[in-house]
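Student: Got a predicted model here, sequence first, then my questions.
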Amino acid sequence: MRPFSAPQLNPATETGWRRRWFDIIYRHDSRPSRNFDLILVVAIIASILVVMIDSVQHLHAEWSTGLYILEWAFTIIFTAEYLLRLAVVKRPLRYAVSIWGIIDLLSILPAYLSLFIPGAQSLLVVRALRILRVFRILKLTRYIEESGVLMTSLWRSRRKVLVFLFTVITITIIAGALMYVIEGPEHGFSNIPASMYWAVVTMATVGFGDIVPQTVLGRFVTSVLILIGYSIIAVPTGIYTAELASTMREAELAARRDARGCPHCGLEGHEPDARHCRRCGGELPDAFSH
């Protein structure tokens, strides 16, 4: 599963208020659903503004009571929304453990923790995570999905990247030790860790200038390290690009499969023209309703 992909959820019931609220919350193709999304977007942005304003010391001192009331008002709204999302789906745990369910929980949990744990009020900044929800609500889910492709590609290339990082660390240690011996404390290379810091800055081609080699041999090592730095940029890019291309091809193949979930056993990934579940044989919902 991609990190930011929305979980495939089925309504808890096919009729009644839970089905109506399921369509309002999880579908985005009706007027009530769009109105719900709009209200939620406004609440998300307003709650983040409250957190930002509350972090300014003189504004907090002046408006502390009003900000406190607003914070709890938004907490109650988001708590009701979170509980409603769980109540209207057939498998609440599937949503609760998804990235969106975790974000929902994190956005309300610190407020309740602040009642019992001193200092937990500072954790309210995690409400900023909820801004991610705006992208999904504003029909920009495809961009969030693309971020999932990027994260999947990074995870698949982790072994190669770790080998590369180990190589970079080795070069950094060797270069730091060399410059400590060549330049010494009198030129700013006071110890090996400080020399390693210089090596990292040099390979990153940043060059802060706080530590500068003075000897000819030191400058030669610097030149070699700068050239290595340019190759460092190219190598992981090639590794990652290859994995990204492979992941995108797999994503295109997966997108061709039907996302409908079986209302009986929850199995997903049926063929677009399937009428019955390939696991339990239960009848699938009509494709056009999804």
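Tutor: Received the coordinates, thanks.

Student: wait, doesn't I171 sit right on G229?
Tutor: No - with contact defined as CB atoms under 8 Å, I171 does not count as touching G229 (9.7 Å). To be clear about C-beta, it is placed using only N, CA and C from the backbone, and glycine gets the same treatment.

Student: what is in contact with these two at once?
Tutor: Listed as contacting both I171 and G229 by CB atoms under 8 Å, 6 or more residues apart in numbering are M203.

Student: Span of stretch 263-277 from start to end?
Tutor: 9 Å (CA to CA, to the nearest Å).

Student: any idea of the mean pLDDT for the helix or strand V50 falls within?
Tutor: In this assignment (DSSP states H and E), V50 forms part of helix 31-54. In this model, helix 31-54 has a mean pLDDT of 84.

Student: so what's the nearest residue to L70 once chain neighbours are set aside up against?
Tutor: The shortest distance from L70 to any non-neighbouring residue, by CB to CB, 6 or more residues apart in numbering, is to V50 (5.0 Å). Shown in contact with V50 (CB under 8 Å, 6+ apart): 67, 70-71, 74.

Student: TSV for those residues, including distance to D273?
Tutor: Below are these laid out as TSV (distance: CB to CB, whole Å):
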residue	distance to D273
L67	55
L70	51
E71	51
F74	45
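
Student: which one of those has the most neighbours?
Tutor: Among the contacts of V50, F74 has the most neighbours (other CB atoms under 10 Å), with 22 neighbours.

Student: Point out where the stretch 101-250 of the chain drops to low pLDDT.
Tutor: Applying pLDDT under 70 to the stretch 101-250 of the chain picks out residues 118-148.

Student: in the helix holding V50, what's buried?
Tutor: Buried residues in helix 31-54, counted by 16 or more other CB atoms under 10 Å: 33, 36-37, 40, 43-44, 47-48, 50-51, 54.

Student: cool, and stretch 245-254?
Tutor: Along stretch 245-254, these residues count as buried under the neighbour rule (16+ other CB under 10 Å): 247, 251.

Student: which other residues reach that stretch?
Tutor: Here stretch 245-254 makes contact (CB under 8 Å, 6+ apart) with 149, 152-153, 156, 269.

Student: Only whichever of the residues you listed are buried, select them in ChimeraX.
Tutor: To isolate the buried members of the contacts of stretch 245-254 in ChimeraX, using 16+ other CB under 10 Å:
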select :149,152,153,156
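
Student: Would you format the contacts of stretch 245-254 as a markdown table with secondary structure included?
Tutor: Formatted as a markdown table, the contacts of stretch 245-254 follow (DSSP: H, G, I helix; E, B strand; the rest coil):
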| residue | secondary structure |
| --- | --- |
| V149 | helix |
| T152 | helix |
| S153 | helix |
| R156 | helix |
| G269 | coil |
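
Student: Now distance to F208 too, for the contacts of stretch 245-254, in JSON lines please.
Tutor: Listed next are those as JSON lines, based on distance: CB to CB, whole Å:
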{"residue": "V149", "distance to F208": "35"}
{"residue": "T152", "distance to F208": "35"}
{"residue": "S153", "distance to F208": "32"}
{"residue": "R156", "distance to F208": "35"}
{"residue": "G269", "distance to F208": "52"}
